[in-house]
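A.B. asks: A predicted structure for the sequence below; I have some questions about it.
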2 protein chains.
Amino acid sequence: MTINAQLLEKYKMHQPTIIDIARQLGLSKSTVSRALTAHPNVNEKTRQRVLELADKLDYQRNQLAISLLTNQTRTVGIMVPEFISFFFPKVIIGAQEELAKAGYNVVICHSNESYATEVTSAKSLFASRVDGLIVSHTKETRNFDHFRTFTRKGIPVVFFNRVWENEEVSKVVVDDYTGAYQAVEHLIQTGRRRIAHLSGPDTLPNSRSRLNGYLDALKHYDVPVDPSLVISYDLTLEKANIYVNHLLNLPEPPDALFAINDPTAIEALKVVKSRGLRVPDDLAIVGFSDDPISALIEPGLTSVAQPVSEIGQEAARLLLAHLTASADQPAAPTTVTLPTRLVVRGSTGS
Amino acid sequence: MTINAQLLEKYKMHQPTIIDIARQLGLSKSTVSRALTAHPNVNEKTRQRVLELADKLDYQRNQLAISLLTNQTRTVGIMVPEFISFFFPKVIIGAQEELAKAGYNVVICHSNESYATEVTSAKSLFASRVDGLIVSHTKETRNFDHFRTFTRKGIPVVFFNRVWENEEVSKVVVDDYTGAYQAVEHLIQTGRRRIAHLSGPDTLPNSRSRLNGYLDALKHYDVPVDPSLVISYDLTLEKANIYVNHLLNLPEPPDALFAINDPTAIEALKVVKSRGLRVPDDLAIVGFSDDPISALIEPGLTSVAQPVSEIGQEAARLLLAHLTASADQPAAPTTVTLPTRLVVRGSTGS
DNA sequence: ATCGTTTTTGGGAATGTTCCCAAAAAAATA
DNA sequence: TATTTTTTTGGGAACATTCCCAAAAACGAT
């Protein structure tokens, strides 16, 4: 906690400041500041002298001091539960490009699906005074107080993919319901009747929407719903493996599987193969997200594609709308829903 | 540039400070500060009063002010050229876990393989006064002045994967040479003689090391080197596709391919299949990195595995060593070399 | 030369926090 | 009770910057 050692250190490794420049040129810090910030009220000759010395001293402005004074960091935090699969990285890139155009920097936090980490990261981002937040929360998150800390202080928060419901925040989602509906419809139309669904935790809105799409498609085509074919699980591959095996061990096993996401679908594919069964003959499989890997495996995985980069771009745009809104004309909370698209490959028929 | 509007805004959305707390309790900011930082010299009863009010006002400390004063942000920047493939995300997670243990936050920047973006990000990270940097640079980077800005001011920089050579910085690399050697050795031992190599830009040290491993393995087993089989390219999939086709169109096409990385190898596999040829019968293929996808495709891709998380952990440890080193006992620049391991799958034989 | 205008510069406050040193209050001792 | 010791508190400086306002300098016109 004590900073004596650092103070000493600091003295040794002193970074040049505008005061150093001012002193060396016999100017005031105000003038140097003006010269460095392209302010009009400064003599051109003076500016050149300042710029020259700044360059010579390798002066680098201290953003901390500026942020403290102006109360804005021009930094946006992006929080995601993981970034091993292609989805979150691609969303982040989409958002970052949009934010960079507007002159914002991005700090990325990954909670690793841990609620505790998410809370810690949120507190840390708040302490360093990010101007806004883009979030997809963990599957454990039920309490959203750590995000309320932001909204209460007027710091905009935009959710995507996994969104905070019933609240005055903007969101970007995809049409999970229709995506799921079309996936199941496709399975029915290719002759499947016993369609299993590996669903996610029902705390996740998108998981519930996909489940509803699944149920409504069955209902619409008069396919009876067998509760033993609907399994809600924690999205880990270990559990996916166990439940797929469980389904195949049923006295009347399913002839098709609609998985909540592609990793789950791919795990299912591996299980089916390892049991000497064939895809799609013995089990047709559909995933969700259209991970690039889905096109590479054999057979190709039928999957519900979502416009990944656009999700990030939209989230960034919504955030920027809030960021540039003024107190007298605030931006209203908006929900953007992007379309999904079924991509048919070998896993549901030749 | 003008902040009038923001100043007004700020007044409206005033965040509670220790001065607010002090005023309301009739204390000085010093005492409140002590209460909040668990300083011993404060009356227990006073501390409770402060903590209570801080909680009630939803006080959140302003890290900017603290960082400005202490001249340390407890934040580390990590710069990577991309994070769509699994490699960089996994390195980042490894590093982040290690840094979090030591109480450091992480800011992630991805340069998108653009030198200009890398320079901008580096400047921005410097301006916000990160305490250290972990970097894998872009394939375009030849000028390292933007990193010298850090080292010159005594801010530690650790490179990994793509490293800055001949400089006084710490590095984490894998044994690319041996990895490549063993890959090619394996191809020779499984009966291949015309082994092509898709290499990366020779500005990248790891690319050169892999090329040397390839050449030495051929030399050791008296396999003649055919320069027309060695192609250095820019690591884009488009070019990979073109060059693989080019190789297969040769009058004497290769019977094996050692690719600089897994995405290249997978692209090659697609090309071979699309031409109605078979892997490994017509062309054996080896990749580098052991991307998880390599185990999922058909046939499985033989690849040189590297300890990905460990790379991140080691980089973090090296950085922490520099960070905790004092002026009187500085940490010496160190290069850590981690082992590689050949993982044999179907793409080089049954 | 004098006055009015414009351009350029300097001084000081403000941002939120921690640390040092001194002062005040409380507790312990004589 | 008076004195010493310990605990607790307050005041001010420092961090690097920008902005506002006033002062100074330069310029132009009479």
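C.D. replies: Cool, got the structure.
A.B. asks: Report the contact partners of the closest residue to chain B within the stretch 251-350 of chain A.
C.D. replies: Closest approach of the stretch 251-350 of chain A to chain B (Cβ to the nearest Cβ) occurs at A:E298, with a separation of 4.1 Å. To be clear about C-beta, it is placed using only N, CA and C from the backbone, and glycine gets the same treatment. Residues near A:E298 by Cβ atoms under 8 Å, 6 or more residues apart in numbering or on different chains: A:346, B:297-298.
A.B. asks: Enumerate every residue touching the residue nearest to A:T151 when sequence neighbours are not counted.
C.D. replies: Of all residues not flanking A:T151 in the chain, A:V157 sits nearest, at 5.8 Å (Cβ to Cβ, 6 or more residues apart in numbering or on different chains). A:V157 sits next to A:132-135, A:147, A:150-151, A:164, A:169-170 when contact means Cβ under 8 Å, 6+ apart.
A.B. asks: For chain A, which residues are neighbours of DNA strand D?
C.D. replies: A:14-15, A:17-19, A:29-30, A:33, A:36-37, A:39, A:59, A:61-62, A:64-66, A:68-70 (Cβ under 7 Å from any atom of the strand).
A.B. asks: looking at this, A:I311 is in a helix?
C.D. replies: Yes - applying DSSP: H, G, I helix; E, B strand; the rest coil, one finds A:I311 inside a helix.
A.B. asks: And the pLDDT for it?
C.D. replies: pLDDT for A:I311: 98.
A.B. asks: Report the contact partners of it.
C.D. replies: So A:I311 contacts A:91, A:94, A:160-161, A:172, A:174, A:338 (Cβ under 8 Å, 6+ apart).
A.B. asks: hmm, try it at 7 Å
C.D. replies: The neighbours of A:I311, taking Cβ atoms under 7 Å, 6 or more residues apart in numbering or on different chains as the test, are A:91, A:94, A:160-161, A:172, A:338.
A.B. asks: looking at it, A:E140 is touching A:N112, isn't it?
C.D. replies: No - applying Cβ atoms under 7 Å as the test, A:E140 and A:N112 come out as separate, 10.6 Å apart.
A.B. asks: could you dump the contacts of A:E298 to a markdown table with secondary structure and pLDDT?
C.D. replies: Converted to a markdown table, the contacts of A:E298 look like this (DSSP: H, G, I helix; E, B strand; the rest coil; pLDDT from 0 to 100):
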| residue | secondary structure | pLDDT |
| --- | --- | --- |
| A:G346 | coil | 95 |
| B:I297 | coil | 90 |
| B:E298 | coil | 87 |
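A.B. asks: Show me which positions of whichever helix or strand A:I188 is part of end up buried.
C.D. replies: Here A:I188, judged by DSSP states H and E, is contained in helix A:176-189. Within helix A:176-189, the residues that count as buried by 16 or more other Cβ atoms under 10 Å in any protein chain shown are A:176-188.
A.B. asks: by contact count, what packs against that helix?
C.D. replies: Packing contacts for helix A:176-189, counted by 3 or more Cβ pairs under 7 Å, 6 or more residues apart in numbering or on different chains; DSSP states H and E, involve helix A:205-220, strand A:256-259, strand A:284-289, strand A:341-343.
A.B. asks: can you do 6 Å?
C.D. replies: Packing contacts for helix A:176-189, counted by 3 or more Cβ pairs under 6 Å, 6 or more residues apart in numbering or on different chains; DSSP states H and E, involve helix A:205-220, strand A:256-259, strand A:341-343.
A.B. asks: Quick one: residues in contact with that helix.
C.D. replies: Contact with helix A:176-189 is made by A:195, A:206, A:209-210, A:212-214, A:216-217, A:221, A:256, A:258, A:284, A:286, A:304, A:340, A:342, as judged by Cβ atoms under 6 Å, 6 or more residues apart in numbering or on different chains.
A.B. asks: Pull that helix out as CSV, backbone CA atoms only.
C.D. replies: Taking Å, rounded to 0.1, in the frame of the first residue of the first chain, the C-alpha atoms of helix A:176-189 are listed here in CSV:
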residue,chain,number,x,y,z
ASP,A,176,-33.6,-17.3,-31.7
TYR,A,177,-37.2,-18.4,-31.8
THR,A,178,-37.5,-18.4,-35.5
GLY,A,179,-34.1,-19.9,-35.9
ALA,A,180,-35.0,-22.8,-33.7
TYR,A,181,-38.5,-23.1,-35.3
GLN,A,182,-37.0,-23.4,-38.8
ALA,A,183,-34.4,-25.9,-37.7
VAL,A,184,-37.0,-28.2,-36.2
GLU,A,185,-39.3,-27.6,-39.2
HIS,A,186,-36.5,-28.7,-41.4
LEU,A,187,-36.0,-31.9,-39.4
ILE,A,188,-39.7,-32.7,-39.5
GLN,A,189,-39.9,-32.0,-43.3
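A.B. asks: Report the mean confidence score over it.
C.D. replies: Summarised as a single mean, pLDDT over helix A:176-189 is 98.
A.B. asks: that older thread, just the contacts of A:I311 that are near DNA strand C?
C.D. replies: Answer for the contacts of A:I311 near DNA strand C: none qualify (Cβ under 7 Å from any atom of the strand).
A.B. asks: what about burial for those residues, which qualify?
C.D. replies: Judged by 16+ other Cβ under 10 Å, buried ones among those: A:91, A:94, A:160-161, A:172, A:338.
A.B. asks: contacting residues for the residue nearest to A:V184 when sequence neighbours are not counted?
C.D. replies: Leaving aside its chain neighbours, A:V184 sits nearest to A:A217 (3.7 Å; criterion: Cβ to Cβ, 6+ apart). The contact partners of A:A217, by Cβ under 6 Å, 6+ apart, come to A:181, A:184-185.
A.B. asks: Next one: A:A217, what pLDDT does it get?
C.D. replies: 97.
A.B. asks: if I look at it, how far off is A:G312?
C.D. replies: 29 Å (Cβ to Cβ, to the nearest Å).
A.B. asks: what's the answer for A:A332, then?
C.D. replies: Look at A:A332 and A:G312: by Cβ to Cβ, they are 21 Å apart.
A.B. asks: The two - which one has more neighbours?
C.D. replies: A:G312 (26 against 9; other Cβ atoms under 10 Å in any protein chain shown).
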